[in-house]
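Q: the sequence and its predicted three-dimensional model are supplied below.
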Protein chains: 2
Amino acid sequence: MTVWDRPEPPARPLPLDRKRIVAAAVALADEGGLEAVSLRKVAARLDAGPMRLYRYISTKEELFDLMVDEVQAEILPAEPPGDWREALRGLAHGTRRAALRHEWLADLLGGRPTLGPNGLAVAEATLAALDGLADIDTALRAVETVSSYYIGAIRREIARLRAERATGLNEREWQRAFGPYVTKLLATGRFPALARMVHDGTHVTPETSFTTGLEWVLDAVAARFDRP
Amino acid sequence: MTVWDRPEPPARPLPLDRKRIVAAAVALADEGGLEAVSLRKVAARLDAGPMRLYRYISTKEELFDLMVDEVQAEILPAEPPGDWREALRGLAHGTRRAALRHEWLADLLGGRPTLGPNGLAVAEATLAALDGLADIDTALRAVETVSSYYIGAIRREIARLRAERATGLNEREWQRAFGPYVTKLLATGRFPALARMVHDGTHVTPETSFTTGLEWVLDAVAARFDRP
DNA sequence: ACCGTTGCGATACACCGTATCGACCAATAC
DNA sequence: GTATTGGTCGATACGGTGTATCGCAACGGT
């Protein structure tokens, strides 16, 4: 029996590790959103059966945790920041940019404590920036407040982005177009303040809105640092 | 054929409406979380087949939208607030209390624009409170900033609550107990600031933490109102 | 060389959201 | 009064999900 007759040995499946699994899941989520991530599809991308993954994770939620931690690596500042304010600002904008690159992140943000290595590294970097500027409790409160702000702001921004995309790319006209339903409701006169806002409010880019609010919050933090 | 032989006419199924459907869904979610809400189970609670619901909603997401709008009715202030600060504060705390009553709300908060009647009413009440205190754009920015803060804060709080519950009700000792994994990581010395925080930080109730951050943000808003 | 043990992953299960389409019912035509 | 038609409703069915179970194959010890 010649070599030509003999079949190749059964191709050993690619060895798996969490890194490859998470990369596949992130790719799927980037392409089709979180709901496109199924254990079967992730496994298929790696030429494996679904149950194969259970050696590395024990639940789908754990996969999500790993995904979040994975992208948190993108958030860590490249160079040590100048002062605390720049550090917090960088963190907030970094998270926002990550969420714009990986929109599914908005669905997960704040949903579970981030105890992965990168999550902890982010927390460490944040707290380190505030070191010595105030007592520990004030610093903690500052981090919580800023994080809460940008988690909420990012969620809202991505939500609006999706809504605009769904109603047909009317990015600029969203405020006025809003869909017939809302315009009708506004016309009833039951929401005068809202109607005025929609009618007279200037359109600002999401980034401007995000930045403005962030600076306000940072101002509030600064006020506590100056007068402890 | 006597009455006794004749079967009763087939019991006409209870008439359905969105209100009853949403109430059933909310009850299910209150009992078992969002993932306990399936169209089949909601329908079963109403003695109906799953497809029956599709006359009232066309997608499961729409049911979630209705649920959110439903609980937003609980948020509207009972009496007109004294000043803008009290209004925003009331809104934030109202939302937080609603999320503690209906934990699944935290999963949905900020996830989609709230265009339902109650959502719009909440927005109207908020904006009305700021009326005339600043130019429209500043007012809008203020509302966005405060909402972003409390959406993020509530999500984080519920996430921690669930994590504590899952690791076994160690509510008080969470900071120190944290699970063997984190303590090990902290022991490596790679996260000094974090370790100090965990070790020396005072334990504050979630409500205190929420309120503190909220007042900071409100201070920031007030600063913009005073000096426009 | 054999056998006991372990651990992997294919099979299978219960359940999901919802597209499809047959059965039913009301209204119309004769 | 009866036959027919039209439209609507919801039972059935489909393709997919996360994961429990357990037969089998590979391995280590005697």
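A: Yep, that arrived. Everything numeric here is computed off the predicted structure, so don't read it as measured data.

Q: how about stretch A:116-133: buried residues?
A: Under the neighbour-count criterion of 16 or more other CB atoms under 10 Å in any protein chain shown, stretch A:116-133 has A:116, A:118-130, A:133 buried. For every residue, glycine as well, the C-beta is placed using N, CA and C.

Q: wait, stretch A:84-101
A: A:84-85, A:87-96, A:98-100.

Q: what's the answer for stretch A:218-228, then?
A: Buried, per 16+ other CB under 10 Å, within stretch A:218-228: A:218, A:220, A:221, A:222, A:224.

Q: put the alpha carbons of that stretch into PDB.
A: Output of stretch A:218-228 as PDB, limited to C-alpha atoms (Å, rounded to 0.1, in the frame of the first residue of the first chain):
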ATOM      1  CA  LEU A 218     -14.500  65.600  37.100                       C
ATOM      2  CA  ASP A 219     -15.100  69.200  38.400                       C
ATOM      3  CA  ALA A 220     -17.300  67.800  41.100                       C
ATOM      4  CA  VAL A 221     -14.500  65.400  42.100                       C
ATOM      5  CA  ALA A 222     -11.900  68.100  42.000                       C
ATOM      6  CA  ALA A 223     -14.000  70.200  44.300                       C
ATOM      7  CA  ARG A 224     -13.800  67.400  46.900                       C
ATOM      8  CA  PHE A 225     -10.100  67.100  46.500                       C
ATOM      9  CA  ASP A 226      -9.400  70.700  47.000                       C
ATOM     10  CA  ARG A 227     -11.500  71.000  50.100                       C
ATOM     11  CA  PRO A 228     -11.200  67.800  51.900                       C
END
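
Q: which other residues reach that stretch?
A: For stretch A:218-228, contacts defined as CB atoms under 8 Å, 6 or more residues apart in numbering or on different chains pick out A:84-85, A:88-89, A:133-135, A:138, A:141-142, A:145-146, B:216-217, B:219-220, B:223.

Q: ok, 7 Å please
A: A:85, A:88-89, A:133-135, A:138, A:142, A:145-146, B:216-217, B:219-220, B:223 (CB atoms under 7 Å, 6 or more residues apart in numbering or on different chains).

Q: now the helix or strand hosting residue A:208, how far from the chain's geometric center?
A: Here residue A:208 sits within helix A:206-226, counting by DSSP states H and E. Remark: helix A:206-226 is offset 20 Å from the chain centroid, using CA atoms, centre = their mean, to the nearest Å.

Q: that one - what's its average pLDDT?
A: Helix A:206-226 shows a mean pLDDT of 95.

Q: the domain parsing of chain A - what is it?
A: Domain segmentation of chain A under automatic domain parsing yields A:1-58, A:75-226.

Q: among those domains, which gets the worst mean confidence?
A: Among the domains of chain A, domain A:1-58 scores lowest, with a mean of 84.

Q: that domain and chain B in contact?
A: No. In terms of CB under 7 Å from any CB of the partner chain, no part of domain A:1-58 sits within range of chain B; the closest distance is 10.5 Å.

Q: list, one by one, the residues from chain A near DNA strand C.
A: Within chain A, the positions adjacent to DNA strand C are A:13, A:48, A:49, A:50, A:51, A:52, A:54, A:55 by CB under 7 Å from any atom of the strand.

Q: give me the buried subset of the residues you listed.
A: For these, buried by 16+ other CB under 10 Å: A:48, A:52.

Q: from the residues of chain A next to DNA strand C, which is closest to residue A:32?
A: Distances from residue A:32 to the residues of chain A next to DNA strand C, taken as CB to CB, are shortest for residue A:50 (17.7 Å).

Q: hmm, the closest one is touching residue A:43, no?
A: Yes. When contacts are counted by CB atoms under 7 Å, residue A:50 is listed as touching residue A:43 (4.8 Å).

Q: any idea how far residue A:44 lies from DNA strand D?
A: 8 Å (CB to the nearest atom of the strand, to the nearest Å).

Q: ok, now how distant is that residue from DNA strand C?
A: 10 Å.

Q: could you measure from that residue over to residue B:195?
A: 42 Å (CB to CB, to the nearest Å).

Q: more neighbours: which of those two?
A: residue B:195 (19 against 14; other CB atoms under 10 Å in any protein chain shown).

Q: not counting sequence-adjacent ones, nearest residue to that one?
A: residue B:186 (4.4 Å; CB to CB, 6 or more residues apart in numbering or on different chains).

Q: was I right about residue A:149 contacting residue B:147?
A: No. At 9.9 Å, residue A:149 does not count as touching residue B:147 under the criterion of CB under 7 Å.

Q: out of those two, which sits in the busier spot?
A: More neighbours surround residue A:149 than the other of residue A:149 and residue B:147, with 31 against 24 (other CB under 10 Å).

Q: tell me if I'm right that residue A:115 and residue B:182 touch.
A: Yes. Residue A:115 is within contact range of residue B:182, at 5.9 Å (criterion: CB under 7 Å).

Q: show me what the helix ranked longest in chain A packs onto, helices and strands only.
A: Assignment by DSSP state H gives helix A:136-167 as the longest helix of chain A. Counting contacts by 3 or more CB pairs under 7 Å, 6 or more residues apart in numbering or on different chains; DSSP states H and E, helix A:136-167 packs against helix A:84-101, helix A:104-108, helix A:117-129, helix A:206-226, helix B:136-166, helix B:192-200, helix B:206-226.

Q: pick the one among the buried residues of stretch A:116-133 closest to residue B:22.
A: residue A:119 (35.9 Å).

Q: which other residues reach stretch A:181-200?
A: With CB under 7 Å, 6+ apart as the criterion, stretch A:181-200 contacts A:175, A:178, B:115, B:120, B:123, B:124, B:127, B:128, B:131, B:136, B:140.

Q: okay, now the spatially closest residue to the last one that is not a sequence neighbour: neighbour count?
A: Closest residue to residue B:140 apart from its sequence neighbours, by CB to CB, 6+ apart: residue A:201 at 5.4 Å. Burial of residue A:201, expressed as a neighbour count using other CB under 10 Å, amounts to 15.

Q: likewise residue A:15?
A: Residues near residue A:15, counting by other CB under 10 Å: 6.

Q: what do you get for residue A:180?
A: Neighbours around residue A:180, by other CB under 10 Å: 8.

Q: would you quantify the distance from it to residue A:167?
A: 11 Å.

Q: again, but for residue A:124
A: 41 Å.

Q: might you report the residue contacts of the residue of chain A found nearest DNA strand C?
A: Sorted by distance to DNA strand C under CB to the nearest atom of the strand, the residues of chain A start with residue A:49, at 1.9 Å. With contacts defined as CB under 7 Å, 6+ apart, the neighbours of residue A:49 are residue A:43.
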